[in-house]
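> Give the three-dimensional model of this entry:
(2 chains)
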Amino acid sequence: MNPAVEIHNLSVMYDARPVLLGVSGVVGHGEVVGIVGPNGAGKSTLFRSLLGLVAPTTGTIRLLGGSIAAGRRWIAYLPQREVIDWDFPLVVSDVVTMGRYPHLGWGRFPGPADRRVVEACMDALEISDLRDRHIGELSGGQQQRTFLARALAQNARVLLLDEPFMGVDAATEATILELLRRLRAEGKAVLIVDHDLARAAETCDRVMLLNQRLVAFGPPAQVLTPGLLRVTYGGRLTPLESLGARGPGA
Amino acid sequence: MTLVDKMLEPLQYSFMQQGLIGAVLVGVVCAVMGSFLLVKRWALLGDAISHAVLPGVAIAFLLGLPLVVGALATGLLTALGIGFVERHTRLKQDAAMGLLFVSAFALGLAIISRIRSPVDLFHVLFGNVLAASREDLLLTAASGALVLAAIAFLYKELLLWAFDPIMAESVGLPVRLLHYVMLLLTSLTIVASLQAVGIVLVIAMLIAPPGAAVLLTDRFHRLVFLAAGIGVLAAVGGLYLSYFLDIASGATMVLVSTLLFAAAFLFAPRRGLVPRMIRRRRGADEVRMIHYLKALYSFAPDRPASPEALAAMLRDAPAGAAAVMRQLARLGLVEIAPDGARLTPQGRLRAAQFVRTHRLWERFLVDRAGLPWDEVHATADRIEHDSTPALTEALASALGPHTTDPHGAPIPSREGLVAPRQAEYLLSELRTGQAAVVTSVEDEDPEILRTLSGLGLVPGRGVRLVAASGEGLLVALDGEERPVSRRVARSVLVTPVG
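Numbers count the residues shown, from 1 in each chain, chains lettered A, B, ... in the order given. Below you'll find the model as predicted:
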């Protein structure tokens, strides 16, 4: 079987300003990969490239062994909460149902089979009793779960999670961690941006240190070291210090 | 003549029949299209496109083309021009729109004024559905049907794109194409409505019905159907109004749709202004009744409370106090007699339960949350109103056995009972040289509470009155003599010892 994601020598420029330079890496099925780096390191651009929203200046990306265009139906993205219009007239089940849209042809509406998938995904994220709740009336954690349920309903093989733990309650954090374990067991590839290095060390199989270039990519114990983190964060030690004695390599 | 006859009367005229068909069509098409414009935040773009249709109508007339072709062409060109200006200058969308649509509109006016066309400017600007010809009606029906068919076919794609453009693009929807399709459909809708409401007024038919519907439902597909219903109501109602009052029909349709929006804004069950106010008012009423119940509770069971006394305690007007007493009497919590109000046994129980909740919260806030005792009264007041009986009991068992709140006041049991206590006296009532124990302090004034904790005059402390004068008292606390003002002394209750 082909790897889930293959990135080869990827560079992206915005107006001749480099954002990503020569990044390469392979993510396998059933692998949870953490992406760690300072603001402006190109984490979002990497996600946008994988989603086919920006074209690589050089290099190639292969999704499930084929082009992005061929595989895009199988890639799901968890948006940051700020970009969503929470006044939009939709309830929880409406948003989760959107996960089925990529699998429906033009002019087709979701059928009983799709509704069953939607139900199962809401159950998995424990939001079934919120199905008729307007999305603007949810807590931060419930909003996050709704969008995760949508990604699940899409039955994606590759999931891109942009800071899924940002501003969620402890119960939601536990649910997401549980979901990550389940996704791994089901053979999904998960790329996850997380600023909490200690949590990344626990949840991820491998960690990608990114600062325009790929600094390191490997198991947390080998990658989340003071030396490599210093290189990644350009000498600014904030996240390193916050890692404290609890972190790997310390 | 009955109302039904009256309503049927206009229908004997063929122009009214045609007008009604046109009105229904426009009501539905505008509302459905407008639902998407609303959630996509394209309302102003709709307005821009509608104004930009004018030069197209004029040019098409000059060239002998069908007016609809010209209207579509300039509508779309302007929409594209707005995007172009936005991308290639530092102007943002609102400025680009303002610039281009007024320019296009002016161009249209210029051409029409030059050619003195039989194109009736007033009709194009403000519409007149009653003057519609059979061909006009067919055009409206055809373009309306096209819009509705396209939206039905692209419903989920348009919805996904409107809600989450990033997901739409990443799963491979042709978002640029959808963008242009939306522009085209908006232009077509405006062309379809030209005859009925005209280009200046069409924006109201696009936005008001979905604007009202969004206050009535949380789900987009229901919003679309509701908006269509409201749109039809507005168009048909407007037409009737125009017939009976002899007012321009475009104007009445817009006014009725705005009226319907206003009705939803005011009376929508969950989001309307009035229901929200009533709910808030009810909440405030309830809080007020609780305050009065607790005030009555502080009177001895056999002593009636006059409205004046209650009002003074709660800094309310006597008339207000009397009104609340009547409310409480209707609920069976209070008995009103000529000499004042008394709690009924049921009222006493309810009041004791509120007092219990309040004092337990004070205990919690001081003992567990670590707040100073002078701050917790007001906080407990607020939490108390929202505490269910189950929460109160959970709080009680979490706190363990306690008989008093942090200020020494007794916490009633769940059944509303208070353990018998020794008689309490004011500190100033002690005889000179008499010793006592502080049992409780008045908890409403934070400043006095701070003074008391500074002095050490807190429940459980032993105190002896050394001397009393008009200005204040001199008391001994642990052998140390300290002056206490009359005002502060009034807040301290003691039980004499020995």
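> Could you use CA atoms for every contact and neighbour count after this?
Will do.
> Which strands and helices lie in contact with the longest helix belonging to chain B?
Assignment by DSSP state H gives helix B:175-213 as the longest helix of chain B. The helices and strands touching helix B:175-213, judged by 3 or more Cα pairs under 8 Å, 6 or more residues apart in numbering or on different chains; DSSP states H and E, are helix B:14-39, helix B:43-63, helix B:67-88, helix B:121-126, helix B:134-163, helix B:165-170, helix B:220-245, helix B:249-267.
> now do 6 Å
Applying 3 or more Cα pairs under 6 Å, 6 or more residues apart in numbering or on different chains; DSSP states H and E, we find helix B:175-213 packed against helix B:14-39, helix B:43-63, helix B:121-126, helix B:134-163, helix B:220-245, helix B:249-267.
> tilt between that helix and helix B:220-245?
60 degrees (axes from the mean of the first three to the mean of the last three Cα atoms, to 10 degrees).
> For helix B:175-213, what does the pLDDT average out to?
For helix B:175-213, mean pLDDT rounds to 90.
> rewinding a little: now for the helices and strands packed on helix B:175-213, which one comes closest to residue A:134?
helix B:220-245 (10.8 Å; Cα to Cα).
> how near is residue A:85 to chain B?
Distance, residue A:85 to chain B, using Cα to the nearest Cα, to the nearest Å: 7 Å.
> What residues of stretch B:98-113 count as buried?
Residues of stretch B:98-113 classed as buried: B:100-101, B:103-108, B:111-112 (neighbour count, 16 or more other Cα atoms under 10 Å in any protein chain shown).
> ignore the last one, stretch B:401-408
B:403-408.
> any chance of those in JSON lines, plus pLDDT?
Compiled in JSON lines, those are given as follows (pLDDT from 0 to 100):
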{"residue": "B:403", "pLDDT": "82"}
{"residue": "B:404", "pLDDT": "87"}
{"residue": "B:405", "pLDDT": "88"}
{"residue": "B:406", "pLDDT": "87"}
{"residue": "B:407", "pLDDT": "87"}
{"residue": "B:408", "pLDDT": "87"}
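> so which two of the residues you listed are the farthest from each other?
B:403 and B:407, at 11.3 Å, using Cα to Cα across the buried residues of stretch B:401-408.
> any shared contact partners between these two?
With Cα atoms under 6 Å, 6 or more residues apart in numbering or on different chains applied, the contact sets of residue B:403 and residue B:407 do not overlap.
> got a pLDDT number for the closest residue to residue A:28 other than its chain neighbours?
Nearest residue to residue A:28 in three dimensions, chain neighbours excluded: residue A:3, at 4.8 Å (Cα to Cα, 6 or more residues apart in numbering or on different chains). If you check residue A:3, the pLDDT there is 90.
> tell me which element residue A:3 falls in.
Under DSSP states H and E, no helix or strand contains residue A:3.
> What is the neighbour count of it?
Using other Cα atoms under 10 Å in any protein chain shown, residue A:3 has 14 neighbouring residues.
> ok, back up a step: which among the buried residues of stretch B:401-408 are in contact with chain A?
Among the buried residues of stretch B:401-408, no residue lies close to chain A (Cα under 6 Å from any Cα of the partner chain).
> for the record, mean pLDDT for the helix or strand hosting residue B:292?
Element membership for residue B:292, per DSSP H and E: helix B:273-297. On average, the pLDDT along helix B:273-297 is 87.
> Mind exporting the C-alpha coordinates of the helix or strand that it is followed by to PDB?
Next along the chain after helix B:273-297, taking DSSP H and E as the criterion, comes helix B:307-314. Taking Å, rounded to 0.1, in the frame of the first residue of the first chain, the C-alpha atoms of helix B:307-314 are listed here in PDB:
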ATOM      1  CA  PRO B 307     -45.400  47.400  53.300                       C
ATOM      2  CA  GLU B 308     -43.600  50.500  54.600                       C
ATOM      3  CA  ALA B 309     -41.300  48.500  56.800                       C
ATOM      4  CA  LEU B 310     -40.500  46.000  54.100                       C
ATOM      5  CA  ALA B 311     -39.900  48.800  51.500                       C
ATOM      6  CA  ALA B 312     -37.500  50.500  53.900                       C
ATOM      7  CA  MET B 313     -35.600  47.200  54.400                       C
ATOM      8  CA  LEU B 314     -35.200  46.700  50.600                       C
END
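> Rounded mean pLDDT for helix B:307-314, please.
Mean predicted confidence for helix B:307-314 is 85.
> buried ones in it?
Going by 16+ other Cα under 10 Å, helix B:307-314 has these buried residues: B:307-311.
> what comes into contact with that helix?
Against helix B:307-314 from outside (Cα under 6 Å, 6+ apart): B:317-318, B:321-322.
> Which helix or strand lies directly C-terminal to it?
Next element after helix B:307-314 (DSSP H and E): helix B:318-330.
> For that following helix, which helices and strands make contact with it?
helix B:307-314.
> Now do the helix it packs on against helix B:318-330, angle only.
Using the same axes, to 10 degrees: helix B:307-314 against helix B:318-330 is 100 degrees.
> tilt between helix B:307-314 and helix B:273-297?
Using the same axes, to 10 degrees: helix B:307-314 against helix B:273-297 is 100 degrees.
> Can you give the distance of helix B:307-314 from its chain's centre?
33 Å (Cα atoms, centre = their mean, to the nearest Å).
> quick one: residue A:2 from residue A:119, how far?
Noted for residue A:2: a distance of 31 Å to residue A:119, by Cα to Cα, to the nearest Å.
> So which of those two has more stuff around it?
Taking neighbours as other Cα under 10 Å, residue A:2 and residue A:119 compare with residue A:119 leading, 19 against 12.
> how about the residues of chain A near chain B?
Near chain B, when you scan chain A using Cα under 6 Å from any Cα, you find A:51, A:72-73, A:89-90, A:107, A:134.
> Weed out the non-buried ones from the residues you listed.
Buried, going by 16+ other Cα under 10 Å: A:51, A:72-73, A:89-90, A:134, out of the residues of chain A next to chain B.
> Just give me the closest of those to residue B:34.
residue A:89 (13.9 Å).
> what is the orientation angle of the longest helix of chain B with helix B:134-163?
Using the same axes, to 10 degrees: helix B:175-213 against helix B:134-163 is 100 degrees.
> what's in contact with the helix-or-strand element of chain B with minimal mean pLDDT?
Each helix and strand of chain B was given a mean pLDDT (mean pLDDT, DSSP states H and E); the minimum falls on helix B:121-126 at a mean of 78. Applying Cα under 6 Å, 6+ apart, the external contacts of helix B:121-126 come out as B:197-200, B:250.
> quick one: which of those is most hemmed in?
residue B:197 (31 neighbours).
> what sits against that one?
Taking Cα under 6 Å, 6+ apart, one finds B:126-127, B:250 in contact with residue B:197.
> and if you look at residue B:196?
B:127-129.
> Reformat the residues you listed into CSV and put neighbour count and pLDDT next to each item.
Formatted as CSV, those follow (neighbours: other Cα atoms under 10 Å in any protein chain shown; pLDDT from 0 to 100):
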residue, neighbour count, pLDDT
B:127, 26, 81
B:128, 21, 81
B:129, 29, 80
